[in-house]
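> sequence below, structure please.
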Amino acid sequence: MVKIKLYGIAQEIAGKGELDVNFEGPISLKTLIKGISKDDRDTLSKEVQVILVNGRSCIFMEGLDTQIKDGDLVEVLPLLKGG
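Below is the predicted model:
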């Protein structure tokens, strides 16, 4: 099982703040993110700018091709903007 925590706009797009997802074998982060949007569009991956896997930014791993496996924690955060 993979625990997914969603914050800000990511929570609104997915329709929930926290999900537990079961799947067979490792899957890509991109596939996981597409699967949790509440609509068929790829809105979530376009709106979200920070994705952590076990506390580490996916940018420093394999990006959206990072393989997610059982026991991982994925956190999806919006890019913070200010002025």
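> tell me which stretches of the protein form strands.
With DSSP state E as the criterion, the chain has strands at 2-6, 18-21, 27-28, 50-53, 56-57, 67-68, 73-77.
> partner strands of the fifth one, parallel or antiparallel?
Using DSSP bridges, the strands paired with strand 56-57 are strand 50-53 (antiparallel).
> then the second one?
For strand 18-21, the paired strands and their directions (DSSP bridges) read strand 2-6 (antiparallel).
> and the residue lying closest to G63 once chain neighbours are set aside, what pLDDT?
With sequence-adjacent residues excluded and distances taken as Cβ to Cβ, 6 or more residues apart in numbering, G63 is closest to L29, at 7.7 Å. Using the backbone N, CA and C atoms, a C-beta is placed for each residue, glycine as well. Per-residue pLDDT puts L29 at 91.
> just to revisit the earlier point, could you dump the strands of the chain to TSV with mean neighbour count and distance to S37?
Converted to TSV, these look like this (neighbours: other Cβ atoms under 10 Å; distance: least, Cβ to Cβ, whole Å):
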stretch	mean neighbour count	distance to S37
strand 2-6	19	11
strand 18-21	12	11
strand 27-28	15	15
strand 50-53	19	14
strand 56-57	12	21
strand 67-68	19	16
strand 73-77	19	11
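> can you give me the neighbour number for the residue nearest to G63?
When neighbours are counted by other Cβ atoms under 10 Å, L29 registers 22.
> so what's it up against?
In this structure, L29 makes contact with 51, 53, 58, 63-68, 74, judged by Cβ atoms under 8 Å, 6 or more residues apart in numbering.
> export the residues you listed to a markdown table and tack on distance to Q11 and pLDDT?
A markdown table is the format used below for these (distance: Cβ to Cβ, whole Å; pLDDT from 0 to 100):
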| residue | distance to Q11 | pLDDT |
| --- | --- | --- |
| I51 | 14 | 91 |
| V53 | 18 | 97 |
| C58 | 18 | 93 |
| G63 | 22 | 92 |
| L64 | 20 | 89 |
| D65 | 24 | 95 |
| T66 | 21 | 96 |
| Q67 | 24 | 97 |
| I68 | 19 | 96 |
| V74 | 13 | 95 |
